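**Student:** The following comprises the amino acid sequence and a computationally predicted model.
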Amino acid sequence: MAQTLRQTGLHDLHVAQGARMVPFAGWEMPVQYPMGVMAEHLHTREKAGLFDVSHMGQVLVHPQSGNLADAALALEGVIAADILSLPEGRQRYGLFTNDAGGILDDLMFANRGDHYLLVVNAACADQDIAILQAVPGVEITAVTDRGLLALQGPLAVEVLSRLVPEVAEMRFMDSRALTWNHAELWISRSGYTGEDGFEISIPDALLVEFAQALLSCAEVALIGLGARDSLRLEAGMPLYGHDMDATVSPAAAGLGWAVSKARRTGGSREGGFPGASVVLPELATGAETVRRGLRPQGRAPIREGVEIFALPEGGTPIGSVSSGGFGPSIGGPVAMARIPAEIEEGATLYAELRGKRLPVTVTPLPFITPSYKR
């Protein structure tokens with residue numbers, strides 16, 4: 001029996017704009033518009049791209065005691081991050097882990113004064129909410145009456161400040177509740193492209209109107225999942241289910257920085273999250289394999305699943321590509337793979353593509369220079 005796909009509040013707008021719709025994490029989502037993936041990608045790097053990310057899960061976490069510190073400490077029992085020290089009006093990146101030290105999901109969490117706002121991946125939302133509902137001392141509310149937009153690119157702040165002037169004052173990873181058209185918007189200065197930009201949670205009743213107000217600005221174009229993927233790949237950002245999953249540890253995923261000093265060995269709140277007995281020693285000594293950047297020589301992209309070898313002939317694979325494609329801003333193919341940690345940057349490895357081994361160069365991440373507003 002075919003799965004019934006969920007639709008965001010902007011579904012009809014996407015269709016009217018000529019989007020090609022595809023199934024994604026149980027939703028019907030736009031993968032590209034008539035402009036095409038490469039043009040959408042470059043438009044975002046040069047101006048401002050508008051992404052519908054309403055499929056993402058938004059979750060509110062309130063402390064039953066009324067003391068936010070109690071909620072922070074409770075959440076630290078399931079999230080490998082420093083939640084307690086996060087100031088009001090700021091957000092941070094974190095990881096749900098399992099008992100084996102693998103990553104169950106990655107998320108953003110914001111301190112909103114008397115509660116936390118969490119944004120989780122669409123495909124993992126049900127799992128994450130179930131985990132949170134089992135945390136003692138907190139009340140969990142899945143937000144079902146709001147959409148989520150991302151406005152990304154060097155002109156994003158200029159565009160959004162026409163509608164909500166206060167956003168011009170925000171720094172990277174600030175999170176604020178601001179007003180537009182008598183409605184409360186939850187806005188963070190963050191995103192998934194390597195560009196300056198914002199993620200905006202909007203009541204469903206105003207979602208279409210707000211999106212149309214942004215699209216009325218000449219600098220803004222709708223951007224689909226295809227360009228979202230190439231943008232985040234160039235920015236060296238991992239994608240859950242590809243560059244990390246329940247079998248991949250934070251260190252192997254190149255995300256050890258998300259486990260803050262307070263939660264590490266010798267920290268003030270050492271461990272206490274699932275898999276800490278695996279994660280913490282590995283963070284101290286280093287993972288045997290780790291996510292690294294690869295630049296294939298030539299124009300042919302290498303995609304997920306392509307095996308990586310140390311030698312041009314013979315031998316066994318030393319890793320495989322977890323994300324790969326063409327980088328329009330780079331003007332060539334880019335990829336990420338988990339390979340042995342001892343391999344140095346600049347080394348030449350080989351990707352086996354259709355029975356032929358192509359040289360690739362181990363390259364620092366990200367492939368572009370991020371332009372966040374510090």
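**Tutor:** The structure has been received and is ready for your questions. Numbering: from 1, shown residues only.

**Student:** where are the low-confidence patches of the stretch 1-150 of the chain?
**Tutor:** Filtered on pLDDT under 70, the stretch 1-150 of the chain yields the residue ranges 1-2.

**Student:** repeat that with 80
**Tutor:** 1-3 (pLDDT under 80).

**Student:** all helices for it, in order.
**Tutor:** Remark: helices assigned in the stretch 1-150 of the chain by DSSP state H, counting those that start in this stretch are 11-16, 37-46, 68-75, 125-133.

**Student:** Which of these sits closest to Glu304?
**Tutor:** Glu304 sits nearest to helix 37-46 of all the helices of the stretch 1-150 of the chain, at 16.6 Å, using CB to CB. C-beta: built from backbone N, CA, C; applies to glycine.

**Student:** Quick check: buried residues in the closest one?
**Tutor:** Residues of helix 37-46 classed as buried: Val37, Ala39, Glu40, His41, Leu42, His43, Thr44, Arg45 (neighbour count, 16 or more other CB atoms under 10 Å).

**Student:** Distance to Val135 added to these, as TSV?
**Tutor:** Converted to TSV, these look like this (distance: CB to CB, whole Å):
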residue	distance to Val135
Val37	40
Ala39	44
Glu40	39
His41	39
Leu42	43
His43	41
Thr44	37
Arg45	40
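
**Student:** Just the closest of these to Gln64, please.
**Tutor:** Distance to Gln64, by CB to CB, is smallest for Thr44 among those, at 41.7 Å.

**Student:** how close does the closest residue to the closest one other than its chain neighbours sit to Ile330?
**Tutor:** Excluding the flanking residues, the one nearest Thr44 by CB to CB, 6 or more residues apart in numbering is Gly153, at 4.8 Å. Relative to Ile330, Gly153 is positioned 17 Å away (CB to CB, to the nearest Å).

**Student:** Which one's more surrounded, these two?
**Tutor:** Neighbours around Gly153 and Ile330, counted as other CB atoms under 10 Å, are more numerous at Gly153. The numbers are 27 against 14.

**Student:** quick one, what contacts the more buried one?
**Tutor:** By CB atoms under 8 Å, 6 or more residues apart in numbering, the contact set of Gly153 is His43, Thr44, Arg45, Glu46, Lys47, Ala48, Gly49, Thr193, Glu195, Asp196, Gly197, Glu219.

**Student:** I'd assumed Ile223 was in contact with the first one.
**Tutor:** The one in question is His43. Yes. With contacts counted by CB atoms under 8 Å, His43 reaches Ile223, the gap being 7.2 Å.

**Student:** Longest helix of the chain, counting residues only.
**Tutor:** The helix that spans the most residues within the chain, counting by DSSP state H, is helix 204-215.

**Student:** ok, then the element right after that helix?
**Tutor:** Sequence-wise, the next helix or strand downstream of helix 204-215 (DSSP states H and E) is strand 220-222.

**Student:** which residues sit against that next one?
**Tutor:** Contacts of strand 220-222 with the rest of the structure, by CB under 8 Å, 6+ apart, involve 14, 17, 19, 30, 33, 35, 40, 43, 47-52, 151, 159, 214-215.

**Student:** and the residue nearest the centre of the chain, what helix or strand is that in?
**Tutor:** The residue lying closest to the centre of the chain (CA atoms, centre = their mean) is Tyr192, at 5.3 Å. Counting by DSSP H and E, Tyr192 is held by no secondary-structure element, helix or strand.

**Student:** Provide a list of residues in contact with it.
**Tutor:** Each residue near Tyr192 by CB under 8 Å, 6+ apart is listed here: Ala150, Gln152, Arg228, Leu231, Arg232, Ala235, Met237.

**Student:** go on, Ile223?
**Tutor:** Tyr33, Glu40, His41, His43, Thr44, Gly49, Leu50, Phe51, Gln152.

**Student:** Nearest residue to it in space, please, no chain neighbours.
**Tutor:** Nearest non-adjacent residue to Ile223 (CB to CB, 6+ apart): Gly49, at 3.8 Å.

**Student:** Equivalent analysis for Thr8, please.
**Tutor:** Per CB to CB, 6+ apart, closest to Thr8 is Ser54, 3.8 Å.

**Student:** repeat for Gly194
**Tutor:** Ala235 is the one closest to Gly194 (CB to CB, 6+ apart), at 2.9 Å.

**Student:** What number of residues are in the vicinity of that neighbour?
**Tutor:** Counted with other CB under 10 Å, residues neighbouring Ala235 total 21.

**Student:** Can you name the residues that contact it?
**Tutor:** Counting by CB under 8 Å, 6+ apart, Ala235 touches Tyr192, Thr193, Gly194, Pro366, Phe367, Ile368, Pro370.

**Student:** Surely the third one touches Leu233?
**Tutor:** No. With contact taken as CB under 8 Å, Gly194 and Leu233 are classed as non-touching, separated by 9.7 Å.

**Student:** where do the helices sit along the stretch 151-300 of the chain?
**Tutor:** Applying DSSP H, counting those that start in this stretch to the stretch 151-300 of the chain gives helices spanning 156-163, 204-215, 225-234, 276-285.

**Student:** Show me which residues of the first one are buried.
**Tutor:** When you say that, I think you mean helix 156-163. Buried residues in helix 156-163 (16+ other CB under 10 Å): Ala156, Val157, Val159, Leu160, Leu163.

**Student:** Go ahead and confirm the first one touches Glu46.
**Tutor:** No. Proximity of Ala156 to Glu46 does not meet the contact threshold set by CB under 8 Å, at 11.6 Å.
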